[in-house]
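# coordinates for the following, if possible.
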Amino acid sequence: MRYLGFVICVVSLTFMSCKSARSQATNEQIETLKNLVENRNFSLEFLWAYPQATGATQQVLNSKVLQAGSSAGAINLIGNSNFLTISGDTISSYLPYFGERRGSVAYSGKDSAIQLEGVLENFKVSEGKHHSYSLSFDARSKSEHFKVVIRLYPNLKSYLTVIGDSRTSISYSGQLIPKT
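Numbers count the residues shown, from 1 in each chain. Next up is the predicted model:
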């Protein structure tokens, strides 16, 4: 009985210490993120891509064409050029795309990445838990319409989901970079 009490005490202390060890955002981080979102002047750079898992995608991506440490469900983007920049009401991006395309696709291969250019449409911002922000909007490339959702956190981490008219969805995780 005494042993059981000791085990319960240790487990309880472990859980309490884990919760308190979670990093809290400082007031400066919260204010910085709020200003970046309000001014719409920042870039995102991504470290990982998460394509939607389909049978065809997994077969291709599991065929040893990816760099070490990557899998069909999580692709390391370190060393690959990628960005998404928002300046006021405009967007520009170059995001490598790993997934299935539906419908007509140009043979040149020039439209394989997600290259958004132009004005943001239907832009919405909402504040979430722990002082995070969710931005959603519509954007266009030369040949496709996309629904974009960005989640931003005070520690400058970012998470992006892109849903295209003729592609399976893909998500990215990375860093928020304030523009000066």
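# hang on, Met151 packs against His130?
For the record, residue 151 is Arg, not Met. No: the criterion here is C-beta atoms under 8 Å, and Arg151 misses it with His130 at 11.0 Å. Every residue, glycine included, has its C-beta placed from N, CA and C.
# contact partners for Ile91?
84-85, 116-120, 137, 139 (C-beta atoms under 8 Å, 6 or more residues apart in numbering).
# kindly recompute the last result at 7 Å.
By C-beta atoms under 7 Å, 6 or more residues apart in numbering, the residues touching Ile91 are 85, 116, 118, 120, 139.
# got the residues you listed as CSV, with neighbour count, pLDDT and distance to Thr180 columns?
Formatted as CSV, the entries for the contacts of Ile91 read as follows, by neighbours: other C-beta atoms under 10 Å; pLDDT from 0 to 100; distance: C-beta to C-beta, whole Å:
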residue, neighbour count, pLDDT, distance to Thr180
Thr85, 17, 97, 13
Leu116, 24, 95, 22
Gly118, 13, 94, 24
Leu120, 19, 95, 21
Ala139, 25, 96, 24
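# I'd like those as CSV, with secondary structure appended.
Written out in CSV, the entries for the contacts of Ile91 read as follows (DSSP: H, G, I helix; E, B strand; the rest coil):
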residue, secondary structure
Thr85, strand
Leu116, coil
Gly118, strand
Leu120, coil
Ala139, strand
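# more neighbours, Arg151 and His130?
In terms of neighbours (other C-beta atoms under 10 Å), Arg151 is the more surrounded of Arg151 and His130; the figures are 17 against 12.
# Three-state assignment for the more buried one, please.
Bear in mind the rule, three-state DSSP; under it Arg151 is strand.
# bridged to it, which residues?
Each beta-bridge partner of Arg151 is listed here, defined by DSSP bridges: Ser134, Tyr159.
# for it, give me the pLDDT.
Model confidence at Arg151, given as pLDDT, is 98.
# all strands of the protein, in order?
Along the chain, the stretches classed as strands by DSSP state E are 41-51, 75-76, 83-87, 90-94, 117-119, 121-127, 133-140, 145-152, 157-164, 170-178.
# let me have the ones you listed in TSV, extended by distance to Gln67.
As requested, the strands of the chain are exported to TSV (distance: least, C-beta to C-beta, whole Å):
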stretch	distance to Gln67
strand 41-51	12
strand 75-76	6
strand 83-87	19
strand 90-94	19
strand 117-119	28
strand 121-127	35
strand 133-140	28
strand 145-152	26
strand 157-164	21
strand 170-178	16
